[in-house]
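Trainee: Sequence first, then the predicted structure:
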Amino acid sequence: MRRHLGVFTAWLLGVTLIYATAFPEGSASLEPGESFQQLAQQLKSPEHIAHFMWRRFSLITDQTQFGKEDYWQTPEELLVSGKGDCEDLASFASEMLKLKGIPSLLINIYGGRFPHAVCIFKEKDAFNVIDVNGFQRYPGKDLKQLLSSIDPFWENGAIVTHSPHSRRGKILAKIERRIREEHRFRISA
(Lines give C-alpha, C1' and ligand atoms only; values in the text may rest on other atoms or scores of the structure.)
Protein backbone atom coordinates (compact mmCIF):
# COMPACT_ATOMS: atom_id res chain seq x y z
CA MET A 1 0.00 0.00 0.00
CA ARG A 2 2.77 2.47 0.91
CA ARG A 3 4.62 1.63 -2.30
CA HIS A 4 1.51 2.45 -4.35
CA LEU A 5 1.06 5.69 -2.45
CA GLY A 6 4.70 6.60 -3.16
CA VAL A 7 4.29 5.84 -6.86
CA PHE A 8 1.09 7.90 -6.97
CA THR A 9 2.77 10.81 -5.17
CA ALA A 10 5.69 10.75 -7.62
CA TRP A 11 3.29 10.63 -10.57
CA LEU A 12 1.23 13.53 -9.17
CA LEU A 13 4.39 15.59 -8.62
CA GLY A 14 5.47 14.89 -12.21
CA VAL A 15 2.09 15.94 -13.61
CA THR A 16 2.16 19.10 -11.49
CA LEU A 17 5.64 19.99 -12.77
CA ILE A 18 4.56 19.40 -16.37
CA TYR A 19 1.55 21.70 -15.92
CA ALA A 20 3.62 24.33 -14.13
CA THR A 21 6.13 24.28 -17.01
CA ALA A 22 3.47 24.27 -19.73
CA PHE A 23 1.27 26.89 -18.05
CA PRO A 24 3.45 29.05 -15.79
CA GLU A 25 0.95 31.91 -16.02
CA GLY A 26 -1.77 29.51 -14.84
CA SER A 27 -0.24 29.68 -11.39
CA ALA A 28 -0.51 33.48 -11.34
CA SER A 29 -2.06 34.98 -8.26
CA LEU A 30 -3.54 38.27 -7.23
CA GLU A 31 -1.38 39.80 -4.54
CA PRO A 32 -2.85 42.25 -2.01
CA GLY A 33 -3.20 45.64 -3.68
CA GLU A 34 -3.12 44.22 -7.23
CA SER A 35 -6.04 44.74 -9.55
CA PHE A 36 -8.02 42.45 -11.80
CA GLN A 37 -6.30 44.22 -14.72
CA GLN A 38 -2.86 43.32 -13.36
CA LEU A 39 -3.89 39.67 -13.12
CA ALA A 40 -5.06 39.82 -16.75
CA GLN A 41 -1.55 40.95 -17.73
CA GLN A 42 -0.04 37.91 -15.98
CA LEU A 43 -2.31 35.45 -17.82
CA LYS A 44 -0.84 35.41 -21.34
CA SER A 45 -3.41 33.36 -23.31
CA PRO A 46 -6.97 32.02 -23.15
CA GLU A 47 -5.53 28.62 -22.23
CA HIS A 48 -3.70 30.21 -19.28
CA ILE A 49 -6.91 31.92 -18.16
CA ALA A 50 -8.76 28.58 -18.21
CA HIS A 51 -5.93 26.85 -16.35
CA PHE A 52 -5.86 29.61 -13.71
CA MET A 53 -9.61 29.24 -13.23
CA TRP A 54 -9.37 25.45 -12.93
CA ARG A 55 -6.69 25.76 -10.23
CA ARG A 56 -8.13 28.74 -8.36
CA PHE A 57 -11.92 28.35 -8.23
CA SER A 58 -14.22 25.69 -6.86
CA LEU A 59 -17.79 25.12 -7.98
CA ILE A 60 -20.70 25.85 -5.69
CA THR A 61 -24.35 26.66 -6.36
CA ASP A 62 -25.73 30.15 -5.76
CA GLN A 63 -28.29 28.62 -3.39
CA THR A 64 -25.54 27.15 -1.21
CA GLN A 65 -23.24 30.18 -1.39
CA PHE A 66 -25.73 33.06 -1.24
CA GLY A 67 -29.09 31.52 -0.31
CA LYS A 68 -30.48 32.69 -3.67
CA GLU A 69 -31.51 30.84 -6.81
CA ASP A 70 -29.40 33.10 -9.05
CA TYR A 71 -26.66 35.58 -8.15
CA TRP A 72 -23.94 36.68 -10.58
CA GLN A 73 -20.68 37.61 -8.89
CA THR A 74 -18.39 40.19 -10.43
CA PRO A 75 -14.97 38.83 -11.44
CA GLU A 76 -13.44 40.68 -8.49
CA GLU A 77 -15.91 39.04 -6.07
CA LEU A 78 -15.10 35.62 -7.54
CA LEU A 79 -11.39 36.25 -6.96
CA VAL A 80 -12.07 37.03 -3.30
CA SER A 81 -14.52 34.18 -2.63
CA GLY A 82 -12.66 31.58 -4.71
CA LYS A 83 -15.93 29.81 -5.49
CA GLY A 84 -18.89 30.25 -7.79
CA ASP A 85 -21.10 28.61 -10.37
CA CYS A 86 -20.78 28.35 -14.15
CA GLU A 87 -22.07 31.89 -14.80
CA ASP A 88 -19.47 33.36 -12.45
CA LEU A 89 -16.61 31.47 -14.11
CA ALA A 90 -17.82 32.26 -17.65
CA SER A 91 -18.17 35.94 -16.75
CA PHE A 92 -14.66 35.94 -15.25
CA ALA A 93 -13.22 34.41 -18.45
CA SER A 94 -15.10 36.87 -20.66
CA GLU A 95 -13.84 39.89 -18.73
CA MET A 96 -10.27 38.57 -18.79
CA LEU A 97 -10.46 38.06 -22.57
CA LYS A 98 -11.88 41.54 -23.10
CA LEU A 99 -8.97 43.05 -21.14
CA LYS A 100 -6.65 41.21 -23.54
CA GLY A 101 -8.49 42.67 -26.56
CA ILE A 102 -10.24 39.38 -27.46
CA PRO A 103 -13.97 39.83 -28.14
CA SER A 104 -16.04 37.22 -26.35
CA LEU A 105 -19.64 36.34 -25.56
CA LEU A 106 -21.41 34.80 -22.60
CA ILE A 107 -23.82 32.08 -23.70
CA ASN A 108 -26.47 30.38 -21.56
CA ILE A 109 -27.54 26.95 -22.79
CA TYR A 110 -30.92 25.55 -21.69
CA GLY A 111 -32.28 22.04 -22.04
CA GLY A 112 -30.42 18.79 -21.89
CA ARG A 113 -29.41 17.88 -18.38
CA PHE A 114 -29.29 21.34 -16.80
CA PRO A 115 -28.72 25.01 -17.74
CA HIS A 116 -25.10 25.90 -18.38
CA ALA A 117 -23.12 29.10 -19.05
CA VAL A 118 -19.98 29.33 -21.16
CA CYS A 119 -17.66 32.01 -22.47
CA ILE A 120 -16.97 31.79 -26.21
CA PHE A 121 -14.70 33.50 -28.69
CA LYS A 122 -13.87 32.73 -32.30
CA GLU A 123 -10.39 32.15 -33.65
CA LYS A 124 -9.32 30.74 -37.04
CA ASP A 125 -12.69 29.23 -38.03
CA ALA A 126 -13.15 27.54 -34.67
CA PHE A 127 -15.17 28.43 -31.63
CA ASN A 128 -13.24 28.39 -28.39
CA VAL A 129 -15.09 27.73 -25.17
CA ILE A 130 -13.98 28.44 -21.63
CA ASP A 131 -16.20 27.02 -18.92
CA VAL A 132 -16.01 24.99 -15.73
CA ASN A 133 -14.46 22.15 -17.76
CA GLY A 134 -11.54 24.26 -18.99
CA PHE A 135 -10.64 25.28 -22.54
CA GLN A 136 -12.04 23.49 -25.60
CA ARG A 137 -12.09 24.13 -29.36
CA TYR A 138 -15.07 23.26 -31.53
CA PRO A 139 -15.17 23.52 -35.32
CA GLY A 140 -18.38 25.16 -36.42
CA LYS A 141 -19.96 27.61 -38.74
CA ASP A 142 -22.52 29.15 -36.36
CA LEU A 143 -23.72 29.32 -32.75
CA LYS A 144 -26.39 26.65 -33.24
CA GLN A 145 -23.79 24.15 -34.39
CA LEU A 146 -21.57 25.14 -31.45
CA LEU A 147 -24.39 24.64 -28.93
CA SER A 148 -25.12 21.21 -30.46
CA SER A 149 -21.45 20.28 -29.97
CA ILE A 150 -21.50 21.39 -26.32
CA ASP A 151 -24.89 19.85 -25.48
CA PRO A 152 -26.56 17.70 -28.16
CA PHE A 153 -29.87 17.96 -26.28
CA TRP A 154 -30.03 21.75 -25.98
CA GLU A 155 -33.44 23.34 -26.55
CA ASN A 156 -32.57 27.04 -26.62
CA GLY A 157 -29.84 29.42 -25.64
CA ALA A 158 -29.14 33.07 -25.15
CA ILE A 159 -26.34 35.56 -25.50
CA VAL A 160 -26.27 37.22 -22.08
CA THR A 161 -24.46 39.92 -20.16
CA HIS A 162 -23.92 40.59 -16.48
CA SER A 163 -26.49 43.00 -15.07
CA PRO A 164 -24.80 44.71 -12.10
CA HIS A 165 -28.06 46.25 -10.85
CA SER A 166 -30.01 43.00 -10.54
CA ARG A 167 -26.95 40.76 -9.91
CA ARG A 168 -28.31 38.43 -12.56
CA GLY A 169 -27.84 37.82 -16.25
CA LYS A 170 -29.59 39.93 -18.86
CA ILE A 171 -30.57 38.35 -22.20
CA LEU A 172 -29.23 40.22 -25.23
CA ALA A 173 -30.36 37.77 -27.93
CA LYS A 174 -32.11 34.41 -27.96
CA ILE A 175 -30.86 31.40 -29.89
CA GLU A 176 -33.66 29.06 -30.90
CA ARG A 177 -33.01 25.52 -32.00
CA ARG A 178 -34.28 24.75 -35.50
CA ILE A 179 -37.07 22.25 -35.99
CA ARG A 180 -35.45 18.88 -36.31
CA GLU A 181 -35.16 17.49 -39.81
CA GLU A 182 -37.51 14.56 -39.09
CA HIS A 183 -40.23 16.95 -37.90
CA ARG A 184 -39.75 19.18 -40.92
CA PHE A 185 -40.00 16.11 -43.18
CA ARG A 186 -43.28 14.98 -41.57
CA ILE A 187 -44.78 18.47 -41.91
CA SER A 188 -43.91 18.81 -45.59
CA ALA A 189 -44.89 15.24 -46.56
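Mentor: Perfect, thanks for sending it. Numbers count the residues shown, from 1 in each chain.
Trainee: Pop out the phi and psi values for residue 60.
Mentor: phi -160, psi 150 (degrees, to the nearest 10).
Trainee: where exactly do the strands run in the protein?
Mentor: 58-59, 83-84, 105-111, 116-123, 126-131, 134-139, 154-163, 168-176 (DSSP state E).
Trainee: Including mean pLDDT, could those strands go into TSV?
Mentor: Converted to TSV, the strands of the chain look like this (pLDDT from 0 to 100):
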stretch	mean pLDDT
strand 58-59	94
strand 83-84	96
strand 105-111	93
strand 116-123	93
strand 126-131	93
strand 134-139	90
strand 154-163	90
strand 168-176	90
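Trainee: Include mean neighbour count and distance to residue 48 when you put those into JSON lines, please.
Mentor: C-beta: built from backbone N, CA, C; applies to glycine. JSON lines is the format used below for the strands of the chain (neighbours: other C-beta atoms under 10 Å; distance: least, C-beta to C-beta, whole Å):
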{"stretch": "strand 58-59", "mean neighbour count": "10", "distance to residue 48": "19"}
{"stretch": "strand 83-84", "mean neighbour count": "22", "distance to residue 48": "19"}
{"stretch": "strand 105-111", "mean neighbour count": "20", "distance to residue 48": "20"}
{"stretch": "strand 116-123", "mean neighbour count": "21", "distance to residue 48": "14"}
{"stretch": "strand 126-131", "mean neighbour count": "22", "distance to residue 48": "11"}
{"stretch": "strand 134-139", "mean neighbour count": "14", "distance to residue 48": "9"}
{"stretch": "strand 154-163", "mean neighbour count": "17", "distance to residue 48": "22"}
{"stretch": "strand 168-176", "mean neighbour count": "13", "distance to residue 48": "26"}
